[in-house]
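In: Can you look at this prediction? I've put the sequence above it.
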Amino acid sequence: MAAITDDDVERVRGLVAAIPEGMVTTYGDLGHAAGLPSPRIVGAIMRTDSGDLPWHRVVPASGRPTPHLAERQLARLHDEGVPIRDGRVVLRECRWRPGIDD
């Protein structure tokens, strides 16, 4: 994985902070908007520096949260009115693409 710079972290943090309530985005969408070569970099940043952000609004492209976060993440998203079916976020109904949908 490429080295993560402070600028990368700040770009991702700014994008996550901008996700509207009731909407979600994917790691790939964030990576693309931040100019990063891989969504895995977004995941690495989120694992270490997102506690004060609406982290629950970032999901994998499958719409299915990571198992160890799924219950808490889906509960928060449900409270915001995000459509969820069979434990998966219905992306086509609530996907926010930074730079496109803002």
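Out: Yep, that arrived. Residues are numbered from 1 along each chain as shown.

In: Every contact and neighbour count from this point should use C-alpha atoms.
Out: OK.

In: ok, now which ones touch the residue nearest to residue 94 when sequence neighbours are not counted?
Out: The shortest distance from residue 94 to any non-neighbouring residue, by CA to CA, 6 or more residues apart in numbering, is to residue 23 (4.9 Å). Taking CA atoms under 8 Å, 6 or more residues apart in numbering as the criterion, residue 23 is in contact with 57, 82, 94, 95, 96.

In: Tell me if residue 78 really is in a helix.
Out: Yes. The assignment for residue 78 is a helix, going by DSSP: H, G, I helix; E, B strand; the rest coil.

In: Please point out which parts of the lowest-mean-pLDDT helix or strand in the chain sit buried.
Out: Here the helix or strand of the chain ranked lowest by mean pLDDT, DSSP states H and E is helix 39-48, holding a mean of 94. Buried residues in helix 39-48, counted by 16 or more other CA atoms under 10 Å: 39, 41, 42, 43, 45, 46.

In: pretty sure residue 97 is touching residue 28, no?
Out: No. With contact defined as CA atoms under 8 Å, residue 97 does not reach residue 28; the gap is 9.8 Å.
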